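> Okay, sequence plus prediction incoming.
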Amino acid sequence: MNPRPYQLAGRDFLAGRKRALLADQMRVGKTPQAILAADAVGAKRVLVLCPAIGRYQWREEWAAWSPNRPVAAILEREPPPARFEGVLIASYNRAVQHQDALCEGQTWDVFIPDEAHFAKNPEAQRTRVVYGKDGIGWHADRIWALTGTPAPNHAGEMWPMLRAYGVVKCGYEDFVRYFCYYDERERRVFGNKRAHLDELRALFAPIVLRRMRKDVAPDMPEISYNFLSVEPYANVDLPSEDLDQIDAEDRIAVAHAKVPQLALEIDECIRGQEYQQTVVFGYHVEPLHALGELLTAADLDVSIIYGGTPDAQRQRIIAAHKAGVCQVVIAQIMAGGMAIDLSAASHGYFLELDYVPGNNAQAASRLVNLQLQEPVTMDVVTWPGSMDDKVQRTLLRKTQAAVFA
């Protein structure tokens, strides 16, 4: 594997710090940089935490970028042995389950919380297992957090890491009162105060390295978003454009109504050779399964990835996609938006967008291929003039504007 100059710079940034956040934009290649940095500091005992879907991808990356190491181990139901030596990969849930075994008598040379925005809620168990006083971070010589979306909703989501790193001394509520719009009565945060963004960036600066795709691959076009207008087969719509007033049942019904025309669109495009492969993202699994059934009935090779997809099956789907065998990958945004390579396709759809803009941006980035530098096009399926159309357009604007705080 031949690292690019910016990846060597990222390696050196991490290797030169005990506490760091590598926040490169999705698909820039954070995983190889962390592996190279671990080798650079001579780390013998490395612990990687990641979403469950990313464990096998991490194991493959260690084998590719650090071939002289023994094969990385994946933590399953049994606790790790005391004084484990090598690379251990665990899901956040497994880390919570085995926290005592991962901490007692263990000192990790390097601790890598991947998709670190998973540890953003100060009250959540997985946040405490990473940054809490009895957490893994206190039993690690170095902590290198990785995420392309450090604060998906507001700056307060970075407080647990900043507090653990010693960057801020104040409590969570004081932090969000100063940097965010905060409803004291409901204890809800509504975004960042622009007047304090420069001060916030100054706090992050010593520990954060952030590069965008345009910085490392300036000739590569940004992801292009378009709207695919359809007329639903059923006369359904969302009751409101207020995101807080929409029930899941209404969203599912609208997505279901858009499925038949999207299936026709995909069938015609593949048979007309407009593209050979595509990816469809959606939030609710029921409409995605309905789409899969229609496309399978049209004799297309289709696979679905959702929260309940077994790991082994997920790996087979990814391999078939890379090989060009699987024509259509249908994925829930969260299940297919992290730690997965869907870059054999340069075109995709959103049947419906997630309410968290960063999740949409991360999912679309799964199609980016820095080596081929092909432009990626994402079509958002919408019904013009409907409430659903207004909601999808609002969410897409927020997705395109989703930037690091």
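Looks like it arrived, so ask away.
> if I look at residue 319, how far off is residue 257?
34 Å (CB to CB, to the nearest Å). Heads up, the C-betas are built off the backbone N, CA and C, glycines and all.
> Could you do residue 42 as well?
In this view, residue 42 and residue 257 are 58 Å apart by CB to CB.
> more crowded one of these two?
Taking other CB atoms under 10 Å, residue 42 and residue 257 do not tie; residue 257 has more neighbours (20 against 9).
> What helix or strand is that one located in?
Element membership for residue 257 (DSSP states H and E) is helix 248-271.
> And that helix, what's buried?
For helix 248-271, burial by neighbour count (16 or more other CB atoms under 10 Å) applies to 250-263, 265-267, 270.
> before we move on, what about stretch 364-374?
Buried residues in stretch 364-374, counted by 16+ other CB under 10 Å: 364-369.
> Between which two of these is the distance greatest?
The largest separation in the buried residues of stretch 364-374, counting by CB to CB, is between 364 and 369 at 12.8 Å.
> Mind putting the buried residues of stretch 364-374 into CSV with distance to residue 199 and pLDDT?
Formatted as CSV, the buried residues of stretch 364-374 follow (distance: CB to CB, whole Å; pLDDT from 0 to 100):
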residue, distance to residue 199, pLDDT
364, 31, 93
365, 29, 89
366, 34, 91
367, 36, 92
368, 32, 88
369, 37, 84
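> which stretch of helix or strand covers residue 96?
Following DSSP H and E, one finds residue 96 within helix 92-97.
> Tell me the helix or strand right after that helix.
Scanning forward in sequence from helix 92-97 by DSSP H and E, the next helix or strand is helix 99-103.
> what's in contact with the helix or strand that that next one is followed by?
Per DSSP H and E, the first helix or strand lying C-terminal to helix 99-103 is strand 108-113. Strand 108-113 is contacted from outside by 34, 37-38, 41-50, 119, 130, 136-137, 139-146, using CB atoms under 8 Å, 6 or more residues apart in numbering.
> ChimeraX command for the buried members of those residues?
Restricted to buried positions by 16+ other CB under 10 Å, the ChimeraX selection for these reads:
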select :34,37,38,43,45,46,47,48,49,50,119,130,136,137,139,140,142,143,144,145,146
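> which ones among the contacts of strand 108-113 are found in helices?
Among the contacts of strand 108-113, the members found in helices (DSSP state H) are 34, 37-38, 130.
> Now for those residues: which two are most distant?
37 and 130, at 18.5 Å, using CB to CB across the ones in helices among the contacts of strand 108-113.
> Show me the shaky parts of this protein.
Applying pLDDT under 70 to the chain picks out residues 402-405.
> quick one: contacts for the residue most central in space within it?
Nearest residue to the geometric centre of the chain (CA atoms, centre = their mean): residue 338, 3.8 Å. Listed by CB under 8 Å, 6+ apart, the contact set of residue 338 reads 51, 53-54, 115, 362.
> cool, and residue 179?
By CB under 8 Å, 6+ apart, residue 179 lies in contact with 155-156, 192-193, 196, 199-200.
> If we use 7 Å, what do you get?
Neighbouring residues of residue 179 by CB atoms under 7 Å, 6 or more residues apart in numbering: 155, 192-193, 196, 200.
> Pipe those residues into JSON lines and attach neighbour count, distance to residue 71 and secondary structure per row.
Putting those into JSON lines (neighbours: other CB atoms under 10 Å; distance: CB to CB, whole Å; DSSP: H, G, I helix; E, B strand; the rest coil) gives the following:
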{"residue": "155", "neighbour count": "26", "distance to residue 71": "39", "secondary structure": "helix"}
{"residue": "192", "neighbour count": "19", "distance to residue 71": "43", "secondary structure": "strand"}
{"residue": "193", "neighbour count": "17", "distance to residue 71": "48", "secondary structure": "coil"}
{"residue": "196", "neighbour count": "13", "distance to residue 71": "47", "secondary structure": "helix"}
{"residue": "200", "neighbour count": "20", "distance to residue 71": "41", "secondary structure": "helix"}
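> Among those, which one sits closest to residue 388?
For the contacts of residue 179, the nearest to residue 388 is residue 192 (28.2 Å; CB to CB).
> pretty sure the closest one contacts residue 178?
No - counting by CB atoms under 7 Å, residue 192 stays clear of residue 178, with 10.5 Å between them.
> per-domain residue ranges of this protein.
5-216, 224-401 (automatic domain parsing).
> returning to that earlier point: wait, which of the buried residues of stretch 364-374 is closest to residue 172?
Nearest to residue 172, judged by CB to CB, of those is residue 365 at 29.2 Å.
> Against residue 222, how distant is that closest one?
From residue 365 across to residue 222, the span is 11 Å (CB to CB).
> And residue 189, by the same measure?
Separation of residue 189 from residue 222 (CB to CB) stands at 29 Å.
> Going along the chain, name the helices of the stretch 251-400 of the chain.
Remark: helices assigned in the stretch 251-400 of the chain by DSSP state H, counting those that start in this stretch are 285-297, 311-322, 333-336, 357-365, 387-401.
> Just name the most buried of the ones you listed.
Compared across the helices of the stretch 251-400 of the chain, helix 357-365 shows the largest average neighbour count, a mean of 25 (mean count of other CB atoms under 10 Å).
> Using CSV, write down the CA coordinates of that one.
Output of helix 357-365 as CSV, limited to C-alpha atoms (Å, rounded to 0.1, in the frame of the first residue of the first chain):
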residue,chain,number,x,y,z
PRO,A,357,-27.8,15.9,8.0
GLY,A,358,-24.5,14.5,8.9
ASN,A,359,-25.8,10.9,8.5
ASN,A,360,-27.0,11.7,4.9
ALA,A,361,-23.6,13.3,4.0
GLN,A,362,-21.8,10.3,5.4
ALA,A,363,-23.9,7.8,3.5
ALA,A,364,-23.4,9.6,0.2
SER,A,365,-19.7,9.6,0.8
